[in-house]
Every structure is written in structure tokens, then in C-alpha cells.
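In: Make a model of this:
(chains A, B, C and D)
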Number of protein chains: 4
Amino acid sequence: TLQHIFKEIFKAGLELQKDDHRKALLVSRKKKPENTIVDIKGEKIGDGSQYFVVGPCAVESYEQVAAVAAVAKSQGLKLLRGGAYKPRTSPYDFQGLGLEGLKILKRVADEYDMATISEIVNPADIEKAIDYIDVIQIGARNMQNFDLLKAAGQVNKPVLLKRGLAATLDEFINAAEYIISQGNGQIILCERGIRTYERATRNTLDISAVPILKQETHLPVMVDVTHSTGRRDLLIPCAKAALAIGADGVMAEVHPDPAVALSDSAQQMDFDQFNEYITQLKKLAAVKA
Amino acid sequence: TLQHIFKEIFKAGLELQKDDHRKALLVSRKKKPENTIVDIKGEKIGDGSQYFVVGPCAVESYEQVAAVAAVAKSQGLKLLRGGAYKPRTSPYDFQGLGLEGLKILKRVADEYDMATISEIVNPADIEKAIDYIDVIQIGARNMQNFDLLKAAGQVNKPVLLKRGLAATLDEFINAAEYIISQGNGQIILCERGIRTYERATRNTLDISAVPILKQETHLPVMVDVTHSTGRRDLLIPCAKAALAIGADGVMAEVHPDPAVALSDSAQQMDFDQFNEYITQLKKLAAVKA
Amino acid sequence: TLQHIFKEIFKAGLELQKDDHRKALLVSRKKKPENTIVDIKGEKIGDGSQYFVVGPCAVESYEQVAAVAAVAKSQGLKLLRGGAYKPRTSPYDFQGLGLEGLKILKRVADEYDMATISEIVNPADIEKAIDYIDVIQIGARNMQNFDLLKAAGQVNKPVLLKRGLAATLDEFINAAEYIISQGNGQIILCERGIRTYERATRNTLDISAVPILKQETHLPVMVDVTHSTGRRDLLIPCAKAALAIGADGVMAEVHPDPAVALSDSAQQMDFDQFNEYITQLKKLAAVKA
Amino acid sequence: TLQHIFKEIFKAGLELQKDDHRKALLVSRKKKPENTIVDIKGEKIGDGSQYFVVGPCAVESYEQVAAVAAVAKSQGLKLLRGGAYKPRTSPYDFQGLGLEGLKILKRVADEYDMATISEIVNPADIEKAIDYIDVIQIGARNMQNFDLLKAAGQVNKPVLLKRGLAATLDEFINAAEYIISQGNGQIILCERGIRTYERATRNTLDISAVPILKQETHLPVMVDVTHSTGRRDLLIPCAKAALAIGADGVMAEVHPDPAVALSDSAQQMDFDQFNEYITQLKKLAAVKA
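Out: Below you'll find the model as predicted:
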């Protein structure tokens, strides 16, 4: 077994290298101890305050987006989300308004002085999209669409990167590394629930991912309470947990009339629910609103 | 397809019955809207305050348990856990002190005026055990050991029931129903992490289980932050999340010298860590300590 | 980092010990290279032939069991399963006939010269049960009911041990070690599907568990196609896969009239389906029937 | 509860519609009962014979690919895989030779009269790639890269679509529908293991997916034994199971010298192992080789 011991020492050496490699990641806190702050039109995500992102699942019309913007603005929020390129399980579901949707977002953002976040799914659309939006979202289904990550890394625009449906934290961190390795370090990580056997919620919110990601990386970390739970009745308690555990922000979907929404109708809040949501959460300590 | 419609109506009828059946569960909040309060030597779990349970993974000696009790008591805590019958993956691992361990717990509890919680794994041990402990714990591996559940339901002693390693919330609720259906309604549910693909933590803390269980049942709900994370560095943030989301209590393991513990050495807190833990958590609103 | 290298060497040493420990398990093939053969009234499970176990989910009456036995016997089978102590998610579901069920099994076994397999769930029932049945089954929910495993290890009777709902293979092997460490090495392992996110089947049949368990241990390995799939239409293809990959036997549920069965009505075969099942599988090479 | 019954009838109606919708999918066997046969240079996948696909994980050089082609050809195989665009967890791992890799594949295919399969990850590369390869592979990480699926649906070239890391069968079928809905029905589905809690294998081979996919769709179904297990020692038994359960083909990785491979070195077969693999599998009934 002396031979075996040598083999093990060799293996340990390999592990050591791997560990060093991880330390060497550009997103690693070992590489850069201080927090990265992502500035979105003056909102400084990662500065210790806690921010809210709200908006409809999908951009459906100017009127719909403007109505949400008005309500969000009246609560002091500045970050507006809305999907224009919608990844949908079935090809026969509403696929989003595409570039037209981005133009609506820009018009609303200009009128309400808000910043917009929207998902891009094709590397070829990045260049064009950044004229209209303030944050490029990369969705769960594209977390390992490496050409998309590289394209997002080559522009000077913040990126909100969502964790994959069943991605490990190690894979998630490496996906962020794809972006930063191309030169763009303005990255916000977003926990959005993982796929497990449990069926009471749409996904399982992995709340402990937040402190782990903040320990391992210097990037800000948000929590999407809508997609992690898929249940309107869990948005407030889960957002409280996210804020208590130290998330830099919380994301949730709001729609003027969820029942007729073209996607995710079961989980978006209406305006009354949104006002209740934001009122309860504003009481918590570090909230910026 | 008319025939098909009839079939569907029939199926809907069946679903309806099933739904009614769920409503009819004795643990259901639809059956009893007000919170159940479990009284453990004067600590009223479920009354709106938030409680702490601490103690070593396993009872190893009188000195060890007494040392933990002294520190816990000095922080104002009253609920002491400690394992005497230890379910271990390997038959060659330390299996606990058995009845001797329960006697140690009782001696310490008497001396420090604390209440004790300990896991029982064999229905035949219930009768004897209740002379020594204040709460019967039923562990994750035994959540569907139905004879054990029934035996616990036949005594007049609070039961702390842990969620199974990969139990759905529906199965968890039904396991509690096994206990209450035998006459004993003094049940505390305990989320302790579920088994998923993620390897950064020992299990994945399913934080959204807390509000769901509190909605669906009238029972108090605790969170075990030690077993859900398996990482000492995540205990404080996860406990904050648990308290923020509305858990009735938080459970964690404390050991005088974790490095030499006979089980779970990697995840128990030492006394300095415990004091830091309790100091930080006491600041939160509803904490009783 | 020299210090780090020493730490790693130390860790490697620990791993090495752990590895040696695994080799040292009594169930390990490293400990005993030749196959264990479990003799059940002359059927030699593990001898290279492939065997069938069939029977109803639950023993409901003498007539029901005898009807299944007659059909199975006419196909040349000898191993009859039937549940008397039924672990059910809800306390209000049929819980089995208990000892009465075991007596029915024995009467049928005597009349048809067959061997019987039935699940025991309480350590206190083992002694009594072995007068009536030929194989003690330990079910998925009790795979880590260590007192039950120990009790089964203290009698001289074959044990069929099912893999837990979400047990790793390492935990499964250690559960078998609990039995053998008490002196009883007549153990058959049974893969029965694991809990995953996929909902098309009741569980996910982990077919690769079969060659892994046969490599790692010297015990025979069966596959329960009924519980792993929960779908009658998948029994034949999955049984073919199990036989092709080298399982020592395949287990499936058969009921005279599945539609009125007191449990698992959606997945048991009726007699026509059973005859088709057995006819197709008998064509495969190593089948003993 | 009359109102409730009406609600349920309404819900049943919705379910019914959804069910009809599923029936209406172009990939559904209800839409087209007969098997789709995908013709790849004369190999007719889906015709009832069973085919092998082999090749290196990544194209590294002309010499490497030619060496594998020579050995595969000598065993009568015609389908050669090799990755040119490699999706890798870390941006610092070997990313593949890109277009240069496709050119090497084409040169080898021409010289050995074989057909080639290679993964494309960017919709913008599809047009160019189809000049060099015979089958477009869409990998697990891109199963819901919907723009890539649509692009693959717009060319006249067979597509091998792998199941996502944690995709449900329903999502997998809908991903295929994205391709066929654009006009390209030459689709081969490929089960490649799913992500579960089990760590003994890289993924868990969901063998029952094969009969389900063949029931639900008219498309041929292959099994990738390399990625599902991640273990060289499981390739033969898992391939036997795949063939026994009715897969139309089996895919595995072969490399002239796995130890120095630029990716997946732990799981590729060397030539001796490949010859043993193919020899054992050829004995099975429907194998075409």
C-alpha cells in the first residue's frame, strides 16, 4: 500500500491545483476581497442596501408596462423588468414581442426615469439590445449557453445572470466567470430556485445559496421569489427570508391584471398585492426604496 | 369525446373527495384554524415567540452535556437537545449511549431546570424513554416508520417530528397525522433540509416549507439549521432566514469541543461560536430568550 | 503552501483509511469475491439464473392470494410476495391484515409448495413473523430503520432489502452491512427506483445500480419493476432491461382484479397481463422458470 | 360545494384541452402512428435495427479522429461522433477546435466513408456547419436554447437532440417540437442521464425514458451510455440494458489514448475496450453492424 499512498499524494496534489485554480477565478472573493458594486442608473447594487426589481413576466403592450412602471415608481422603485424574448417550453406558447418589446421598455424607462432589465437569448441580439435596456438578463435555461455568456462579456453593460434550473453553485460561479473573463465584470447573480422532487412549489428556493455565493464571489446576489416558488402566497415570506439572509435585492413579477397575462398568470402579483408586498418589506432594515 | 368528458367529470369528483379528505386531516388548519401551542416546561412553542433549541449531536458524557447546558442557560435558553439513540449510516459508527444517555440528559435537565429533546428510533423504547425526556424526537430516517409514529401518538408527551430526507410536504403532513390520529396532538414539525443534487451543502434547506406548513397545518414549525446545511459557517445566515420567514424556533448543534465529537464534528458550534450565534439572533424581533 | 500540501497529505491518509474501511465491509466483494447464493426453498438466488417474484401488493384474502399463486405456479414460478404490514402515506389508508395476512400466506405457500416474501416493519414482529414466511422484506421506507435491520440480522432467515426512496448506493450497502454484521448474510438487495424531479414515472429506475451493487458487493441484486415505474405499461420493457443488465431477479405485482385492489390499483397486472409478461421474459437467456 | 363541482368540471375541461394539445404535437405518435426513420448516409435510424455511434469526446487532431474512424470502420460501424464546439463548465477548459474541427471530421468522413455527428451551440453556426457534418447534435445544456432549436429546424439535416441535464420528458418532447415545427422532422432523441442526488454515477441513466419516448413520439431514441454513467466500467452493462429496452441506437466515446484526452479522460474507452464493447453487444438480437 506504499504505492497506494503515493497515488493518493499525487491525487492530493491534483486537488490542490484545482483548488488554486478556483481561487484564481476572476469572480472569486479570494481574487478581489471587496464587494463589486453594479451601478444601474445610480442604483448601486452590492453597496449594502437592498433593492427591489419588479415588472411583468412579459412585455405585452406599452399600456401594460407603463401601468406597472407608474405603480413601482410611486413606491420609490427604479428597477423595472419585462421579458421581450421569452423562452417557453412549448413552441406554441407566446414567444414575446422581441425587439418591439425592448422598444416599449425603453419608451417607458425614458418616461418614468427607470432602469430596465430584459432577457436576451441569442448572442446575435446582444449588440442591438443594449441600445434599449440597462441590464442584460441571462435566464436559467441559458446559464450554460456559453456563446451567449461570452457575447454578454464583450459589451459594457450590467448582466443579471440567473442560476440554471439544476445548476450547482460551482457551475453557476463558472458561468459568471465566462462573462468576466471576456472583460465585463458588472455581474449580478440571481438565485431563482432549483429543480427538486418537491411539488408544493414550482422550484425549491435554495436560500443558503445566497451566503455561499457572497462568500465565494465578490458579486452582488439577488433572489427571484416569483420563479423559485411559483406561488403568489409565498412571495412575501420568501422575500423576507431573502432580505434577512443578506441578498442584495429581490425580484418579483407584477402585472396589471394577472388573470389575463400571456404567461405566468398564476404567479404574478396585481397592484394591491404589490403594494402590500412592498409595504411589508420596506420595514426591514437595509431596504433601499 | 363526450365519453371522455364524463370520464373527466368522474375524475374531478375523485379529486374533490381527495381534497375533502385533506381538509379533514386532524392536523389541517381547515379543521382547526387557531395555532396549536406545544407547552414544554413552560416554553410555549407556537405562541408567536421564537425559540432556540441547542445541544450536542450525541450525548457523550455527563460533563459534556452539562457544559453545553450551562452555556445555553446563561444565554437564557431552556430547550436542550442531545441524541442517545443515534441512527448512523454505518453499523461501525458510534451508535449512542442509549438509555444511559437519556439518564444523563435527565440529570442535567434537573440540575439546570431545562427541558430535553432526544430521538427515539424503536417503538418499544417510547414507554421507557418518556420518564427521562420532555420531547420525543422522531428523526428524518424514521419519518415514515409508521409503528414508531403510532407509538408516539399513544403517549402524552410532545413530539418533534423531522421531515424525511426526501419527503414531500404532503408525506410530512400525513406523518404528523399518524401521530395525532392516535390521540397525541402535541406535535412540532421540523424542516431539516432535503436531498437534492446540490453538493455545496449537506442538504438543501427548503425554507419555503415553513410558510407552507404553517398555512396547511395548525402545528408549530421549527428549522434545524445544522442538518440542513451541514456547514458551521451558514448557521447564522440560515437561522436569520428561518426567523424572518416565521419559524417558531431554530435548532442547532453545540459541542464543547467539536473537533473531538463522536459524530457530526464538522458542523457543531463551539461555545464562542454559539455565543456569537445567539447574540446576533436575539436582535431579531420575535425572539424569546 | 507547503503547510497546505501537508494538510492535503493528511487528508489523503484519511481518505485511504475510509477506503480501507469500505473494503473491510462484510458485504464487500473485496472481502468475499464469490457470489453469495441465497437459497429460498431450493431457488438459489445469485447462482447465475434469473428468477421472478410476483404477487399482490397486499394480502387481502385467502382467495385472492391463492388465485395469484395458482397462476404463478402454472408458469413455473415459486416465489410469491404479498404485503401484510403495509406502510401507507396516510393513516386512513388500508394498513394490511397484519399477522392474519402472514397466516394466509403460509396456508397458500403450503398448498402450492411456494416460498413467500412479506414486509416486516417493526423489530418486535420479526421473531413471530419468521414462523410464517420464507423471506423477510425490509421496505424502502425502513431501509435506515436500524433497529429493524439489526433484528433481521439476528435471525436465520433470508432478507430482501429494498433501497430507500432517496438512498445513495453507499447508504444502501451500509444498510445491508447492518444486517450481516449481526450474523445473517442471506441478503438480497433490491433496486426499486429513486426519487427524482421526473414525474412521468412514480420513481426513476436507477438501472445502473445493478452492475454497481454486483461489483461492490457479493450479494444478489433484484429489480422491482412495479414500484420503480408505477406504470403497468412499462413493466415488460423495464424487466427486459433489468435482465439484460444482469439482475438476479425481477419483482412485479399481480392481482386477480387490479381495479378493486385495496392498494396500488393503478400498477398491478391482471392475469392476462401477467401471462404476457412472463411469456416475453422467459425467452431471455438466463431466465429460470 | 355545487359551485366547487362546477369549478372542477371547468378545470377538467381545461385539462382536456391541454391533453388534446399534447396529442396535436407534430412529434406525437397520436399525430403520426408509424416510426420516423432518419436516414444518415444510408443508416436508417428507427427502422427496427439497432445502431452504434462512437467517437472521441472532442476532435483534437486529424490523426486522432482518423485512428478512431479506422477502428470503428473495422467493426462495421458507420456513425462517427466528435465535438468541435465544446460546452465546458469552466472558460479555461479546452473549448474545442471550432470550424477547424468540423473540417477534420469531414476529411475523415470522406476518407472512411462514414457519417459524422457534431454538436453546434450557436444558431449563427448552423448554416456553415451543415456543409461539413451529417447530423447536427444539440447538447444537453442547449436543449432549451430555443433559437438554436429553431435554427436547426430550418435546415434540411438530421438533428440528434439530447435531453437536458434535468429536463422532464415533457420538456424534452416540446424541445423536439420546436425543431419539427420549423419544418425539419429528421430528429433523433437521445437519453443521456439526468441529474439526481446519487453520486456513484455522473448522472442517473433514466432507462425508462426510452419506452416512454417511443410510445409518446414517432421519433427514434438513442442512449448515450458515456455521459449517463461517466464510468467506463458501466458502458457494456448499460448498453445491454439500452438495447434490451428497445433503444434505436447506443452512443459511446472512444479515444486512442483516453489518459491524455483534452476532455472527459476518465470515461472514454481505448481501442481494446471498444473492441470488447462492440463484440459483446453485437451478439444481441437486433444489432446492425
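
In: if I look at the closest residue to chain B within the stretch 101-250 of chain A, how far off is chain C?
Out: For the stretch 101-250 of chain A, the residue closest to chain B is A:Ala244, as judged by Cβ to the nearest Cβ, at 3.4 Å. All C-beta atoms are positioned from the backbone trio N, CA, C, and that covers glycine. Distance, A:Ala244 to chain C, by Cβ to the nearest Cβ, to the nearest Å: 28 Å.

In: and that residue, how many neighbours?
Out: 24 (other Cβ atoms under 10 Å in any protein chain shown).

In: State the pLDDT value of it.
Out: A:Ala244 is assigned 97 on the pLDDT scale.

In: doesn't A:Ala67 fall inside a helix?
Out: Yes - the assignment for A:Ala67 by DSSP: H, G, I helix; E, B strand; the rest coil puts it in a helix.

In: and it, what does it touch?
Out: Neighbour list for A:Ala67: A:Pro256 [criterion: Cβ atoms under 8 Å, 6 or more residues apart in numbering or on different chains].

In: sorry, back to before: quick one, phi/psi of the residue of the stretch 101-250 of chain A closest to chain B?
Out: phi -70, psi -30 (degrees, to the nearest 10).

In: what's the closest non-adjacent residue to it?
Out: Leaving aside its chain neighbours, A:Ala244 sits nearest to B:Ala244 (3.4 Å; criterion: Cβ to Cβ, 6 or more residues apart in numbering or on different chains).

In: Repeat that for A:Ile194.
Out: Take A:Ile194 and drop its neighbours on the chain: the residue closest to it by Cβ to Cβ, 6+ apart is A:Asp206, 5.1 Å away.

In: So what's the residue count around that neighbour?
Out: A:Asp206 is flanked by 25 other residues according to other Cβ under 10 Å.

In: try A:Arg88
Out: Residues lying near A:Arg88 (other Cβ under 10 Å) number 17.

In: Surely it is within a helix?
Out: No - under three-state DSSP, A:Arg88 sits outside any helix and is assigned coil.

In: Surely it is in contact with A:Phe94?
Out: Yes - with contact defined as Cβ atoms under 8 Å, A:Arg88 reaches A:Phe94; the gap is 6.9 Å.

In: got any residues that touch both of these two?
Out: Between them, A:Arg88 and A:Phe94 share the contacting residues A:Ser263, judged by Cβ under 8 Å, 6+ apart.

In: Going along the chain, name the helices of chain A.
Out: Secondary structure of chain A (DSSP state H): helices at A:2-23, A:62-74, A:99-112, A:126-129, A:146-153, A:169-180, A:209-216, A:225-229, A:235-244, A:271-282.

In: Which one of these lies nearest to B:Ile236?
Out: Among those, helix A:209-216 comes nearest to B:Ile236, with 8.6 Å by Cβ to Cβ.

In: Going by neighbour count, list what's buried in the closest one.
Out: For helix A:209-216, burial by neighbour count (16 or more other Cβ atoms under 10 Å in any protein chain shown) applies to A:209-214, A:216.

In: Show me the residue sitting in the middle of chain A in space.
Out: Nearest to the geometric centre of chain A sits A:Cys190, at 3.6 Å (Cα atoms, centre = their mean).

In: isn't that residue right up against A:Val159?
Out: No - A:Cys190 is not in contact with A:Val159 according to Cβ under 8 Å; the separation is 10.2 Å.
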